[in-house]
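Visitor: sharing a model that was predicted from the sequence below.
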Amino acid sequence: MMMKMSISKKRIAFSLKRLARFLSIFAHNPKGVIGVGIFVFFAFMAVAAPLLTPYDPVRDKFLSGSYGAPGWLKSIPSALGGRPGAPENMGIKNNSDFTNSTSGWNCTEAPYVSIAHAPDVGASSLGSLSTNFQRDEVDTTYGNASVTIFKNFTFPYSGKPRKFIAYISLLANGTTEPEQERFYNKTTKSVETRWVDILDVKVTVFVYLQRSSDGKIYNIWPYQPQEMQGMKLNVFSENKIPQPATIYKVTGAWIKSNVYIPDSDVLRYPGIENVILEIFPPENLPGDYTLGVNLTFQDIENPMKPVQTTIYVDDFYILFQGTVWGIMGTDHYGSDLWSQLVYGSRISLYVGLLSSVLSVLLGLIIGLAAGYLGKVVDELLMRFSDMLLVLPTLPLLIVLIAVLGPKIENLIILIGILGWMGFARTVRSQVLSIRERPFVEAAKAVGAGNIHVIYRHILPNVMSLVYVTLATSVPGAIVAEASLSFLGFYDPNRMSWGRMLYEVQANGAFRCWWWVIPPGLCIAALAIAFILVGFALDDVFNPKLRMRR
């Protein structure tokens, strides 16, 4: 027992000594040090991705304007390709208490309309603004009464925003009159009628932006220009007045809660090609603006009873999306490109390492079997290898991925299965030489079986080939994944560097160099890192080669 423990300790000490010797030689190889350094950098990027960026590279969209440039370009003069004065994301929000003097919001007054903070009613726990119209008299109506809730703000940038989105939450309540309504039943596919509660005092609503420099008002919801009597708003063209949205039902739920009203990219007005440029002309920037919502209570019906309508307003704000964002800007969906680059390192390392391990393992097993067993086994395995070698790899991968689906795991398996042939032939040639050496013959003479000879005598003599091939085959797998992703065969739930380049090509964003260059450089750098490590391992395991170089 003591002898076995002593032998075990000696083996461990010998292994540690060999490892120290290997590391010492490898550390003096510049190529190996550089390759390992690059690999460690990308490995850290892959592991620490959640710490380096808070955004999901696939799911988090519309973080900023589409095709946004990196934020640091604002610090570079325009003569050098910079974007000084470019707008960043900006929001004008309320704190639910519009009546608070410190909130910056203002409310106009109107007869018969009271405005107050409603702390117990709101889309959030902070309450909302209550606008209440009430008539206690009978045999009369008060007509229209309008109030406006607005906030003045400064747009501080010299460049126009990429887009803007407005939000508002509304809740209607009050006295009602039952009325029949016709509606289309999708289940029965027929027009039916039902009884609904209609507000005695209907309310029209519109949201607007007003430019302070010339007082021009731009209606942003609802935004279809139509003729309307009794309102004087200058909206894009003369005699084109917006029709406000009408609230006439008691729904018991918040209306338009957290729904954009509307996205400036989809605004369409007669004679206006660029809504953003119309509202934010360069000569007026930086400039002062007003965000407001107008509520008009229409007391024109039901004069024979007292009436009352309350509209609660909450979550009223506007978000301006800029043209610069973060470290690397944004793609066509407004997603963070830095997040895509960081998480793309995971896919490249995942695909490169696993597929290389699979292909080297298959090549090692088949090469050992063919070289050592020979005869029929050798002939069958090598002819099968020749058959796979003549197949065009990339077209075959495209066909198989299209059939099996573009999951990353499918790609790893296919690259591994289609990448072992060259290594198997190399191993076979080495085994044919090793099996004829005296120590193998001696092992057979003392009764060692085939598995023992292969495992104890032949495999250790080809392990240097395994290490070198493992390192040098990773770049091919990385480039194969990038090539398939660039051609559109990517996993829709994962982001890779190849997919980033595909998105550039698909959207014609070749001028966005901050989107094109980084993923290409990362693919090249990671591939070069493994090639350098492979050369370094070759130097370490082949002293004669190391001396010649």
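Guide: That came through, no problem. Numbering: from 1, shown residues only.

Visitor: roughly how far is stretch 121-128 from the heart of the chain?
Guide: Counting by Cα atoms, centre = their mean, to the nearest Å, stretch 121-128 is centred 32 Å from the centre of its parent chain.

Visitor: repeat that for stretch 133-141.
Guide: That offset, for stretch 133-141, works out to 55 Å (Cα atoms, centre = their mean).

Visitor: okay, it in CSV with CA atoms only?
Guide: Output in CSV follows, covering the C-alpha atoms of stretch 133-141 (Å, rounded to 0.1, in the frame of the first residue of the first chain):
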residue,chain,number,x,y,z
PHE,A,133,-66.9,68.9,-15.6
GLN,A,134,-70.1,69.2,-13.7
ARG,A,135,-73.5,70.8,-14.4
ASP,A,136,-76.2,70.8,-11.7
GLU,A,137,-78.7,72.8,-13.5
VAL,A,138,-81.5,71.4,-15.7
ASP,A,139,-83.2,72.7,-18.8
THR,A,140,-79.9,74.0,-20.1
THR,A,141,-76.5,73.0,-21.5
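
Visitor: tell me the mean pLDDT for that stretch?
Guide: If you average the pLDDT over stretch 133-141, you get 91.

Visitor: list the buried residues of it.
Guide: For stretch 133-141, burial by neighbour count (16 or more other Cβ atoms under 10 Å) applies to 133, 134, 135. Quick note: C-beta positions are derived from backbone N, CA and C, even for glycine.

Visitor: contacting residues around that stretch?
Guide: With contact meaning Cβ atoms under 8 Å, 6 or more residues apart in numbering, stretch 133-141 is reached by 112-114, 142, 145, 201, 297, 299-310.

Visitor: mean confidence for stretch 335-351?
Guide: Rounded mean pLDDT across stretch 335-351 is 94.

Visitor: re the thing from before, from the contacts of stretch 133-141, which land in helices?
Guide: Counting by DSSP state H, no part of the contacts of stretch 133-141 is found in helices.

Visitor: which of those residues are buried?
Guide: 112, 113, 142, 145, 201, 297, 299, 302, 307, 308, 309, 310.

Visitor: quick one: those residues as JSON lines, columns for distance to residue 444 too.
Guide: Listed next are the buried ones among the contacts of stretch 133-141 as JSON lines, based on distance: Cβ to Cβ, whole Å:
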{"residue": "112", "distance to residue 444": "109"}
{"residue": "113", "distance to residue 444": "104"}
{"residue": "142", "distance to residue 444": "111"}
{"residue": "145", "distance to residue 444": "106"}
{"residue": "201", "distance to residue 444": "103"}
{"residue": "297", "distance to residue 444": "103"}
{"residue": "299", "distance to residue 444": "108"}
{"residue": "302", "distance to residue 444": "108"}
{"residue": "307", "distance to residue 444": "107"}
{"residue": "308", "distance to residue 444": "104"}
{"residue": "309", "distance to residue 444": "100"}
{"residue": "310", "distance to residue 444": "98"}
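
Visitor: which of these lies closest to residue 167?
Guide: Set against residue 167, the nearest of the buried ones among the contacts of stretch 133-141 by Cβ to Cβ is residue 310 (20.7 Å).

Visitor: which residues touch the closest one?
Guide: By Cβ under 8 Å, 6+ apart, the neighbours of residue 310 are 130, 131, 132, 133, 172, 173, 174.

Visitor: return the closest of those residues with respect to residue 469.
Guide: For those, the nearest to residue 469 is residue 172 (72.1 Å; Cβ to Cβ).

Visitor: per-residue pLDDT, the closest residue to that closest one other than its chain neighbours?
Guide: In this structure, residue 172 finds its nearest non-sequential neighbour in residue 247, 4.9 Å apart by Cβ to Cβ, 6 or more residues apart in numbering. With respect to pLDDT, residue 247 has a value of 70.

Visitor: distance of residue 247 relative to residue 296?
Guide: Relative to residue 296, residue 247 is positioned 10 Å away (Cβ to Cβ, to the nearest Å).

Visitor: any residues in contact with both of these two?
Guide: Shared contacts of residue 247 and residue 296 (Cβ under 8 Å, 6+ apart): 203, 204, 205.

Visitor: which of the three states applies to the last one?
Guide: Going back to what we said before, that points to residue 205. Here residue 205 is strand, with the state taken from DSSP: H, G, I helix; E, B strand; the rest coil.

Visitor: and it, bridged to which residues?
Guide: residue 245, residue 295 (DSSP bridges).

Visitor: quick check: it touching residue 170?
Guide: Yes - contact criterion Cβ atoms under 8 Å: residue 205 and residue 170 qualify, at 6.8 Å.

Visitor: doesn't residue 21 belong to a strand?
Guide: No - applying three-state DSSP, one finds residue 21 to be helix, outside a strand.

Visitor: measure it to residue 533 for me?
Guide: Taking Cβ to Cβ, one finds residue 21 at 18 Å from residue 533.

Visitor: cool, and residue 187?
Guide: Residue 187 sits 65 Å away from residue 533, going by Cβ to Cβ.

Visitor: give me the more crowded residue out of the two.
Guide: When neighbours are counted by other Cβ atoms under 10 Å, residue 533 comes out ahead of the other of residue 187 and residue 533, with 26 against 5.

Visitor: work out for me the element that one sits within.
Guide: Under the criterion of DSSP states H and E, residue 533 resides in helix 513-541.

Visitor: can you point out the buried residues in that helix?
Guide: For helix 513-541, the buried set under the neighbour-count rule, 16+ other Cβ under 10 Å, comprises 514-516, 518-519, 522-523, 526-527, 529-541.

Visitor: below-threshold pLDDT in the stretch 151-300 of the chain: ranges please.
Guide: In the predicted model, the stretch 151-300 of the chain carries pLDDT under 70 at residues 223-246, 248-249, 251-273.

Visitor: quick check: the residue nearest to residue 172 touching residue 311?
Guide: Yes - with contact defined as Cβ under 8 Å, residue 247 counts as touching residue 311 (6.9 Å).

Visitor: any common contacting residues for the two?
Guide: 170, 172, 203, 205.

Visitor: tell me where the stretch 301-450 of the chain has strands.
Guide: 307-321 (DSSP state E, counting those that start in this stretch).

Visitor: cool, and the stretch 51-200 of the chain?
Guide: Using DSSP E, counting those that start in this stretch, strands in the stretch 51-200 of the chain cover 90-92, 105-107, 113-118, 128-135, 143-155, 163-174, 176-185, 190-211.

Visitor: can you redo those strands as a markdown table with distance to residue 509?
Guide: Putting the strands of the stretch 51-200 of the chain into a markdown table (distance: least, Cβ to Cβ, whole Å) gives the following:
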| stretch | distance to residue 509 |
| --- | --- |
| strand 90-92 | 24 |
| strand 105-107 | 40 |
| strand 113-118 | 47 |
| strand 128-135 | 42 |
| strand 143-155 | 27 |
| strand 163-174 | 17 |
| strand 176-185 | 43 |
| strand 190-211 | 29 |
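
Visitor: my guess is residue 52 meets residue 45, correct?
Guide: Yes - Residue 52 is within contact range of residue 45, at 6.8 Å (criterion: Cβ under 8 Å).

Visitor: now do the shared contacts for the two.
Guide: Common contacts of residue 52 and residue 45 (Cβ under 8 Å, 6+ apart): residue 342.

Visitor: show the contacting residues for residue 358.
Guide: Residues near residue 358 by Cβ under 8 Å, 6+ apart: 412, 413, 415, 416, 417.

Visitor: ok, the fourth one to residue 360 distance?
Guide: Summarising the geometry, the distance separating residue 416 from residue 360, computed by Cβ to Cβ, is 9 Å.

Visitor: contacts only, for the residue nearest to residue 472 when sequence neighbours are not counted.
Guide: Spatial nearest neighbour of residue 472, excluding adjacent residues (Cβ to Cβ, 6+ apart): residue 534 at 3.7 Å. Residues near residue 534 by Cβ under 8 Å, 6+ apart: 468, 469, 471, 472.

Visitor: cool, thanks, signing off.
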